[in-house]
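Undergrad: Got a sequence here, can you build the structure:
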Amino acid sequence: MNSKDSLKRNPKVVVVGAGIAGVGAAGKLLEQGFTDVQIIEASSQPGGRIRSSQFGKSLVAEGAQYVHGASMKNPIYQLVKEHDLLQQVYNNSDTEWSVLTNTQKQLDPNFTEEMGKVASGILKRAHLLAQEKGYTQAKSLADVYLEEVKMFLAQCSGDHVDLRRQKLGLLSMSMKWQCIHLATNGLADVSLREYEEYKNIDGGDRNAPELFPSLLQKLLEVVPKEKLLLEKPAKQIQWNRSFESEDGSLYPVRVLCEDGDQILADHVIVTISLGCLKANNQSLFEPSLPEHRLQAIQNMGFGTMNKIYLEYETPFWDENIDIIGLVWEDETPLSGQKPNLVEWWRRVPVVYVFKPTERYGHVLVGTISGKEAEFVESLSPEEVATNFTTLFRQFTGRPSVPGPKSVFVTKWFSNPYTRGSYSHISINSTADMIDMLAEPLPEAIEGTSPMLQVLFAGEATHRSYHSTTHGALLSGWREAERLINHYSIK
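TA: Take a look at the predicted model:
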């Protein structure tokens, strides 16, 4: 840092949020010689949407659990290898399924595999089909998905009514699983552009339930303890001003904290979730954000995906099974996906068996998205246990299925510092809006360089890898590099 700015004084940088984006940004700045870097975190522990809780015999992941793209093209995977954490990443490609129906049938594995290929093929082709087949009115993934379902069923017109119901039920199960993947109420809320913009990394998804807290601790090793302030929520970020410190130095940004403290800074990197930006953008920034950015924040998609953990004294399932699929033969994707809070458990398409049993005990985990995911946060553990016991007894046809001895439900929607899980491109937004969210403030006037007073990071600001931990990490590194380049020799 040899520019004129750095000769005056070491720039003061405040990072709002100690998720992987904020920790990544702070770590890179500190490694490059920035010494006045402060992280403030609203929660009592760092991590943001990387969070674990004690359940059963071990810790379980509340949030991030999968490495999406287990290859050296993924910065998370690179760090996993660098820090010798590979033993915490499991290959989940060879999973054993047991698919049950609400009429107590266990579906043939070959049949379910065939239907799985049909469903994934529809989803993979979604944006291409919209162009190739002239769906000029298509805006959402549901528009294309449902058209393809209709064409598929036309080819199966000779099927027995029971077989047709099973096919529709499996496609509905797949549709619900895809909503969980996208953290959305329904595919009708998700733009076709989602599949065009989001980029998969080679290597497949790898299950890593204990990895991310370990990795976060490794990244925090370069951050001095006094540089991380916990339970320090930011109340307001005042920018484009001139604030004088006690020593007479002037700063363009001031962060007001909920506890009354004020922190002056040359640069603030904001890494809070899009859910919090949606809820608090009117009060969080002074002056207010530009109108087009406020519109982008409101229009971008951000939803909830929760996990429901169930611990049992003894398993009622075959312990060789990894995933239990739940197919409702009275459901069809053609009827759309309307919230059903009365029967919220219908929104759980699959239940995973947590392994290895020696480490975790006899634990199942279901995933759920949408309004039902928000609703389940309001239920007591006893209500959740009762509903799942009824569900499992119905699907297995066994009245003897026991109730769980303990239940744990994640609560990402009611968490005031997340207000949901992760982002997607909604039918009201574009990928350009993601880029807009990543632009620093004040916005650059044509012919001038940006002043970099307020910078933005977090998964929702990464166009290609939004909704992922590697997208969040890369966004933090991106904003750190922006400041590093700003203070480099011109």
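Undergrad: Other residues contacting the helix or strand harbouring G121?
TA: Following DSSP states H and E, one finds G121 within helix 109-132. Helix 109-132 has contacts (CB atoms under 8 Å, 6 or more residues apart in numbering) with 97, 99, 135, 138, 141, 143-145, 147-149, 152, 166-167, 170-171, 174-175, 178, 192-193, 195-196, 325. Where C-beta positions appear, they are placed from N, C-alpha and C, glycine not excepted.
Undergrad: Give me the subset of those that lies in strands.
TA: 97, 99, 325 (DSSP state E).
Undergrad: Check what pLDDT the nearest residue to the first one once chain neighbours are set aside gets.
TA: Nearest non-adjacent residue to W97, counting by CB to CB, 6 or more residues apart in numbering: I323, 5.0 Å away. With respect to pLDDT, I323 scores 96.
Undergrad: One more: the one 4 residues further on?
TA: V327 is assigned a predicted lDDT (pLDDT) of 98.
Undergrad: State the phi and psi torsions of it.
TA: phi -110, psi 120 (degrees, to the nearest 10).
Undergrad: Would you mind measuring from it to L182?
TA: 21 Å (CB to CB, to the nearest Å).
Undergrad: what does L215 give?
TA: According to CB to CB, L215 stands 24 Å off from L182.
Undergrad: Could you do E221 as well?
TA: 34 Å.
Undergrad: Between these two, point out the one with more neighbours.
TA: Taking neighbours as other CB atoms under 10 Å, E221 and L182 compare with L182 leading, 27 against 9.
Undergrad: Contacts only, for the residue nearest to W97.
TA: Residues counted as contacts of I323 (CB under 8 Å, 6+ apart) are 95-98, 350-353.
Undergrad: Quick one: low-confidence residue ranges for the stretch 251-400 of the chain.
TA: The stretch 251-400 of the chain contains residues with pLDDT under 70 at 336.
Undergrad: can you pull out the strands in it?
TA: All strands of the stretch 251-400 of the chain, identified by DSSP state E, counting those that start in this stretch, fall at 253-257, 262-265, 267-270, 285-286, 301-303, 305-312, 323-327, 350-353, 362-369.
Undergrad: so of the ones you listed, which one's packed in deepest?
TA: Of all the strands of the stretch 251-400 of the chain, strand 267-270 carries the top mean neighbour count, a mean of 28, counting by mean count of other CB atoms under 10 Å.
Undergrad: Please compute how far that one lies from its chain's middle.
TA: 22 Å (CA atoms, centre = their mean, to the nearest Å).
Undergrad: Identify the residues contacting that strand?
TA: 11-17, 22, 25, 237, 239, 253, 255, 452-458, 476, 479-480, 483.
Undergrad: so what's the one residue sitting closest to the centre of the chain bridging to?
TA: Nearest to the mean C-alpha position of the chain, by CA atoms, centre = their mean, lies Y422 at 3.5 Å. For Y422, the beta-bridge assignment (DSSP bridges) gives partners G303.
Undergrad: Show the contacting residues for it.
TA: 49, 183, 302-303, 305, 459-460, 466-468.
Undergrad: do the same with A21
TA: With contact set as CB under 8 Å, 6+ apart, A21 has these partners: 48, 271, 457-459, 472-473, 475-476.
Undergrad: Ok, L216 next?
TA: Residues counted as contacts of L216 (CB under 8 Å, 6+ apart) are 20, 23, 46-47, 50.
Undergrad: would you say it is within a strand?
TA: No. L216 is assigned helix when assessed by DSSP: H, G, I helix; E, B strand; the rest coil, not a strand.
Undergrad: rewinding a little: restricted to strands, list the contacts of Y422.
TA: 302-303, 305.
Undergrad: quick revisit: could you dump the strands of the stretch 251-400 of the chain into CSV and include distance to K225?
TA: Listed next are the strands of the stretch 251-400 of the chain as CSV, based on distance: least, CB to CB, whole Å:
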stretch, distance to K225
strand 253-257, 19
strand 262-265, 17
strand 267-270, 20
strand 285-286, 29
strand 301-303, 32
strand 305-312, 31
strand 323-327, 41
strand 350-353, 36
strand 362-369, 34
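Undergrad: what's the closest of these to Q32?
TA: Of all the strands of the stretch 251-400 of the chain, strand 267-270 sits nearest to Q32, with 13.7 Å by CB to CB.
Undergrad: Please name the strands paired to the closest one in the sheet, noting orientation.
TA: Here strand 267-270 is paired, per DSSP bridges, with strand 13-16 (parallel), strand 454-456 (parallel).
Undergrad: ok, now how distant is A154 from S475?
TA: With the distance defined as CB to CB, A154 ends up 44 Å from S475.
Undergrad: same check, this time on S120
TA: Where S475 is concerned, S120 sits at a distance of 28 Å (CB to CB).
Undergrad: Which one's more surrounded, the two?
TA: S475 (31 against 12).
Undergrad: Report the spatially nearest residue to the more buried one, omitting neighbours in sequence.
TA: A457 (4.1 Å).
Undergrad: likewise S288?
TA: Nearest one to S288, counting by CB to CB, 6+ apart, is Q282 at 6.8 Å.
Undergrad: tally of neighbours for the one you found?
TA: Q282 is flanked by 9 other residues according to other CB under 10 Å.
Undergrad: ok, now E196?
TA: Around E196 there are 15 residues (other CB under 10 Å).
Undergrad: Start at 49, not 1
TA: Done: numbering now begins at 49, and the last item shifts to E244.
Undergrad: Which pLDDT value goes with it?
TA: 80.
Undergrad: for S205, same thing?
TA: 88.
Undergrad: Kindly report the same for the one 5 residues further on.
TA: Note for D210: predicted pLDDT of 95.
Undergrad: The strand or helix carrying it to helix 157-180, inter-axis angle?
TA: Counting by DSSP H and E, the element that carries D210 is helix 209-230. Orientation check (axes from the mean of the first three to the mean of the last three CA atoms, to 10 degrees): helix 209-230 against helix 157-180 gives 60 degrees.
Undergrad: CA-only coordinates of helix 209-230 in PDB, if you can.
TA: This file holds the C-alpha atoms of helix 209-230, laid out as PDB (Å, rounded to 0.1, in the frame of the first residue of the first chain):
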ATOM      1  CA  VAL A 209     -54.400 -44.800 -12.900                       C
ATOM      2  CA  ASP A 210     -52.200 -46.000  -9.900                       C
ATOM      3  CA  LEU A 211     -49.000 -45.700 -12.000                       C
ATOM      4  CA  ARG A 212     -50.000 -42.300 -13.200                       C
ATOM      5  CA  ARG A 213     -50.500 -41.100  -9.700                       C
ATOM      6  CA  GLN A 214     -47.100 -42.500  -8.600                       C
ATOM      7  CA  LYS A 215     -45.400 -40.700 -11.500                       C
ATOM      8  CA  LEU A 216     -47.200 -37.400 -10.700                       C
ATOM      9  CA  GLY A 217     -46.400 -37.900  -7.000                       C
ATOM     10  CA  LEU A 218     -42.700 -38.400  -7.800                       C
ATOM     11  CA  LEU A 219     -42.600 -35.400 -10.000                       C
ATOM     12  CA  SER A 220     -44.300 -33.400  -7.200                       C
ATOM     13  CA  MET A 221     -41.700 -34.700  -4.700                       C
ATOM     14  CA  SER A 222     -38.900 -33.600  -7.100                       C
ATOM     15  CA  MET A 223     -40.500 -30.200  -7.500                       C
ATOM     16  CA  LYS A 224     -40.600 -29.700  -3.700                       C
ATOM     17  CA  TRP A 225     -36.900 -30.800  -3.400                       C
ATOM     18  CA  GLN A 226     -36.000 -28.200  -6.100                       C
ATOM     19  CA  CYS A 227     -37.800 -25.600  -4.100                       C
ATOM     20  CA  ILE A 228     -35.700 -26.500  -1.100                       C
ATOM     21  CA  HIS A 229     -32.500 -26.300  -3.200                       C
ATOM     22  CA  LEU A 230     -33.600 -22.700  -4.200                       C
END
